[in-house]
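1. Pasting the sequence and the predicted coordinates here, then a few questions.
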Amino acid sequence: MNTYVCPVCGNADTRAIGFLNNKPYCRKCLTFKGQEAKKDYQVNTKGDLYLSYPLTEDQSKISAQLIENFKNKENSFVAAICGSGKTEIILGAIHYCLTNGLHVGFCVPRRDVAIDLYDRFKTIFKDNSIALVYGGHTTLIQADIICCTTHQLFRYKDYFDLLIVDEVDAFPFHNNETLNSIFYRSIKGNYIMLSATASEASLKEFEKEGGKVLYLNERFHRYPLPVPEVKTGNRFALLFKLYRLIRIFEKQEKQVFIFTPTIKECESIYRFLHILVKKGNYVHSKRDNREGIIQDFKDKKYMYLVTTSVLERGVTVKDLQVVIFNASHSIYTSETLIQISGRVGRKMDAPEGKVVYLSERYNEAIQESIASINKSNKNLQNLF
Ligand SMILES: [Zn+2]
């Protein structure tokens, strides 16, 4: 019997192949249907790179190495700590591709992050066109730079001379065979993977397959990560402490993300806070108009935003403070807590900020996250 192999995702599992009018179709990538990019797209090669601040020495070194690896047709993996300026180091490689008329793309698992990145690219590659592509946002799929979610890569078969992927280890890309096939299928040339939470094992694996691993361990503005403060108490006491914190931040005119472990908790915390402090809102994965609310927050229409893990990565807000409510909840691993703490102090002109864990108790994840941050800050001190 002939095995049918899906031309989109490479699936050959007969259990996931259906038949319609005697023709086979793949059930694994049913949702990946739509307009595909044309391979003969001509890139504007005359564009400049506009960056309002210089790269640090470390960033410049890695940036140059990435271009070198790409010229040598090698794949790269950059292991960074959160806040070390991952985006800055790939700008050179993107610019190199553009000036040579090559097809370049940047993809991430999550839509919010793609939008945030697109906004940054618009100010950095002013002379070039950029397509922002995610589910429900697919009118323009072709431009000099493609900025998309990993789900949308099915539109770019054998297309990218260079494809950069961030948060490779984040849901839903991680361990998803269909998404992985679509990723590799879209690459004509080479790729660069970025991660702030890569495991030692995955880096070894990458090197074994001939890729080059680079380490970026420096916070881009050379300021240490804020060490989280832990405040404990019963639920009632925590709510009261949260309220007091919000009042303090309000007086200082500082904006704050309040992370909550579940959608239910997110809504209930918001309902409580909203009675006392009006200028706020909430977002989670099921909330309508999430992008609009985040934009309003960036435009300073709100002073606090109650959120679930949807804002854990990517979205950059200047001079932000962070509170993690119920930080000992099992959803928070030490890595997640570090990732969230890294939301703070991301802009050069406002590198400091506060991270507060509100928790009924101390647990291992809380202790580990604080120990790691202290360790990473100490490394930073030794560097300079
Ligand atoms: Zn398929």
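-> Structure's in. What do you need?

2. ok, how many other residues are close to the residue lying closest to Phe121 once chain neighbours are set aside?
-> Excluding its sequence neighbours, the residue lying closest to Phe121 (C-beta to C-beta, 6 or more residues apart in numbering) is Ile130, at 5.2 Å. The C-beta positions use only the backbone N, C-alpha and C, and glycine is treated the same way. Ile130: 19 surrounding residues under other C-beta atoms under 10 Å.

3. Low-confidence ranges, this protein, go.
-> 1-2, 82-84, 169-174, 197, 217-223, 313-314, 345-352, 379-384 (pLDDT under 70).

4. Longest strand in it, by number of residues?
-> strand 187-195 (DSSP state E).

5. still on that earlier bit, residues in a beta bridge with the residue nearest to Phe121, which ones?
-> Legend: beta-bridge partners of Ile130 under DSSP bridges are Ile145.

6. I figured it hits Thr123, correct?
-> No. Taking contacts as C-beta atoms under 8 Å, Ile130 lies outside contact range of Thr123: 10.6 Å.

7. Kindly list the main-chain dihedrals of the residue in the stretch 151-300 of the chain positioned nearest to the ion?
-> Residue of the stretch 151-300 of the chain nearest the ion, by C-beta to the ion: Thr178 (6.5 Å). Main-chain torsions, Thr178, degrees, to the nearest 10: phi -60, psi -50.

8. can you pull the contacts of it?
-> Residues near Thr178 by C-beta atoms under 8 Å, 6 or more residues apart in numbering: Cys9, Asn11, Lys28, Cys29, Phe32.

9. got it, and Glu368?
-> Contact analysis of Glu368 by C-beta under 8 Å, 6+ apart lists Ser334.

10. Please settle this for me: is it part of a strand?
-> No. Residue state for Glu368 (DSSP: H, G, I helix; E, B strand; the rest coil) corresponds to helix; a strand is not indicated.

11. Please shift the residue numbers so they start at 6 in all later answers.
-> New numbering, starting at 6: the last item is Glu373.

12. how much space between it and the ion?
-> For Glu373, the distance to the ion (C-beta to the ion, to the nearest Å) stands at 40 Å.

13. Tell me how far that residue lies from Lys78.
-> For Glu373, the distance to Lys78 equals 40 Å [C-beta to C-beta, to the nearest Å].

14. try Ile146
-> From Ile146 to Lys78 the distance is 26 Å (C-beta to C-beta).

15. again with Ile263
-> 46 Å.

16. Compare those two (neighbour count), which wins?
-> Using other C-beta under 10 Å as the criterion, Ile263 and Lys78 rank with Ile263 on top: 25 against 8.

17. Just grab the bridge partners of the more buried one for me.
-> Bridge pairing for Ile263 (DSSP bridges) gives the partners Val311, Val328.

18. and it, what is it in contact with?
-> Residues in contact with Ile263 (C-beta under 8 Å, 6+ apart) are Leu247, Ile251, Ile274, Leu278, Tyr309, Leu310, Val311, Thr312, Val328, Ile329, Phe330.

19. just the residues you listed now: which is nearest Ser191?
-> Closest approach between these and Ser191, by C-beta to C-beta: Thr312, at 31.1 Å.

20. these two touch, right, that closest one and Ile274?
-> No. Using C-beta under 8 Å as the test, Thr312 is too far from Ile274 to be in contact (9.8 Å).

21. Look at these two and report which has more neighbours.
-> Ranked by neighbour count (other C-beta under 10 Å), Thr312 and Ile274 place Thr312 first, with 26 against 23.

22. Show me where the stretch 6-155 of the chain has its helices.
-> 62-76, 91-104, 116-129 (DSSP state H, counting those that start in this stretch).

23. angle of the longest one against helix 91-104?
-> Between helix 62-76 and helix 91-104, the angle formed by their directions is 40 degrees, by axes from the mean of the first three to the mean of the last three C-alpha atoms, to 10 degrees.
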